[in-house]
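1. Please work out how this folds:
(one chain, ligands or ions: 1)
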Amino acid sequence: MTNALSPENSGASVEPSATATELVTNRPTAAVPAAPVVRWTEDGQAQSAAWRSENGSPAPAEVTLVDDRLTADAAYRLAAAGTAMLWRGDFHNSRQLLQALGRRVDGERRARCAPTPAAEFLADRRRQAHRAAMLGRLLVRLEPGWTLSSLRAPDVRRACDQAYGAPASTATLVSLRELLGVLGASEWRRKGVDIPALGARIHPHYGVFSPVRGEYVDLVAAAPLPSHRLAFDIGTGTGVLAAVLAQRGVQSIVATDQDPRALACARANLDRLGHGDRVELIRTDLYPPGRAPLVVCNPPWLPAKPQSPLDHAVYDPGSRMLRAFLDRLGKHLTAEGEAWLIISDLAERLGLRPDGYLPTAFEASGLRVIDRLDTRPRHPRAADQDDPLHAARAGEITSLWRLTRN
Ligand SMILES: C[S@@+](CC[C@H](N)C(=O)[O-])C[C@H]1O[C@@H](n2cnc3c(N)ncnc32)[C@H](O)[C@@H]1O
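-> Modelled structure (predicted):
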């Protein structure tokens, strides 16, 4: 997560570019662009490794070798100077160093309170980006086969295999921060997230939107079903909403996503829950071909630029996905059909979208609101008074809008 952001509130409707529709039959693999190579000298020997960064950080031009003798203050100074540090010591010490580095970044003098919630949102994202860039300068080397050669290193093979795919045949440099994220994601995937509305767990994969904020899932479980015949789930992520619909007795569901990781994750979850044969997964931009009597979509909620590929499930620059979803909805709903749009009002509360944005957008897309089901977030952040966005988050309402064609 590296770049500064700007809210793009133009509200302009952007027609998405046509992309191929691809039926997902096998486990998809994330597209891996050709990795840049980092070179350095160690003990007089020329060394090289492929660079890997899921958040798109550029490969460092050079690296400085560091080990257990490096103090946190010295690491902070190196990171602040933009120096990439390749860790050659004990793994546990590297984790401690990263934590100490984080505390120093968090302790940096903050700019005064921003004048508006939108400015505060931007400042918060800039702080996050700065933190990620600073911590991202402590690197580790993964050997071919996804092993770590550091002393007391954990076995990271399974986690890297899940997040990155088949092991590289060369050494790879990654930031320790990213590797810890990969290990954490593997643990989440193993444990899963309890979904009370399903009475089951959903197992999110690395980089896939996790349904930890279960309240929106409850809305989909509670809304009156207009039909049991067919539903489209647009932007399926882990497949959680498709699973709820299948459990409610919808006979056939077509679920889409643009992200191959999401589709692989949805396939695994739906198969595990026994709904695999009722849900077709398609890689496409928004809609599958045809019309359905029920179309469900939980789009990214905030109109801001994603800072990394992993952010595409949360940030929707210029509300582009939202507007394209609404603009094209009429061509994919049957005459009596209903769409369920799940979205919170956090963007309006932060001033990233004007009040009344959604009703205006519905009207412009030829849609009528039948009803709206509201809920309040239960996640811990909503009550975190230290969160700079606390005021907006504390009042946030998540809604399921029931829409139909005019
Ligand atoms: C907020 S997540 C919701 C995931 C899941 N439906 C849920 O409710 O937990 C939004 C999802 O939309 C997907 N997405 C974003 N833009 C898309 C597009 N143009 N077409 C299809 N899917 C898209 C993202 O990859 C992500 O999985």
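
2. separation between Leu322 and the ligand?
-> Here the criterion is CB to the nearest ligand atom, to the nearest Å. By it, Leu322 lies 10 Å from the ligand. Yep, even glycine has a C-beta here, placed from its N, CA and C like the rest.

3. what do you get for Ala46?
-> Per CB to the nearest ligand atom, Ala46 is found 41 Å from the ligand.

4. Counting neighbours, what do you get for that residue?
-> 8 (other CB atoms under 10 Å).

5. could we number from 21 for the rest of this?
-> Let's use 21 as the start, then, which means that last one is Ala66.

6. neighbouring strands for the host helix or strand of it, and are they parallel or not?
-> Using DSSP states H and E, Ala66 sits within strand 65-71. Here strand 65-71 has these sheet partners by DSSP bridges: strand 57-62 (antiparallel), strand 192-195 (parallel).

7. Wait, a helix at Ala359?
-> No. Secondary structure of Ala359 (DSSP: H, G, I helix; E, B strand; the rest coil): strand, not part of a helix.

8. Which among the strands paired with strand 65-71 is found nearest to the ligand?
-> strand 192-195 (22.8 Å; CB to the nearest ligand atom).

9. can you give me the mean pLDDT across that closest one?
-> What strand 192-195 shows for mean pLDDT is 97.

10. residues in contact with it?
-> For strand 192-195, the external contacting residues (CB atoms under 8 Å, 6 or more residues apart in numbering) are 55, 58, 69-73, 77, 79, 83, 106, 155-162.

11. rerun at 10 Å
-> With contacts defined as CB atoms under 10 Å, 6 or more residues apart in numbering, strand 192-195 is touched by 55-58, 60, 67-75, 77, 79-80, 83, 104-106, 118, 152-153, 155-164, 166, 176, 180, 184, 201-202.

12. list the buried ones in the next helix or strand after that strand?
-> Per DSSP H and E, the first helix or strand lying C-terminal to strand 192-195 is helix 196-211. Residues of helix 196-211 classed as buried under the neighbour-count rule (16 or more other CB atoms under 10 Å) are 196-203, 205-206, 208-209.

13. So which elements touch helix 196-211?
-> Counting contacts by 3 or more CB pairs under 10 Å, 6 or more residues apart in numbering; DSSP states H and E, helix 196-211 is packed against helix 111-126, helix 137-155, strand 158-163, helix 177-184, strand 192-195.

14. and the angle from it to helix 177-184?
-> For helix 196-211 against helix 177-184, the angle by axes from the mean of the first three to the mean of the last three CA atoms, to 10 degrees is 100 degrees.

15. following helix 196-211, which helix or strand shows up next?
-> Next helix or strand after helix 196-211 toward the C-terminus (DSSP H and E): strand 213-215.

16. Show residues contacting that next one.
-> 220-224, 230-234, 237-238, 241, 258, 260, 263-264, 267, 289, 293.

17. That strand pairs with which strands, parallel or anti?
-> Strand pairing for strand 213-215, using DSSP bridges, gives strand 220-222 (antiparallel).

18. Give me whichever of the strands paired with strand 65-71 is most buried.
-> Highest mean neighbour count of the strands paired with strand 65-71: strand 192-195, a mean of 24 (counted as mean count of other CB atoms under 10 Å).

19. that older thread, would you mind checking which of the buried residues of helix 196-211 is nearest to the ligand?
-> Distance to the ligand, by CB to the nearest ligand atom, is smallest for Trp208 among the buried residues of helix 196-211, at 13.9 Å.

20. ok, the closest one to Pro224 distance?
-> Noted for Trp208: a distance of 6 Å to Pro224, by CB to CB, to the nearest Å.

21. Could you do Leu366 as well?
-> Note on Leu366: its distance to Pro224, by CB to CB, is 21 Å.

22. Okay then, goodbye and thanks.
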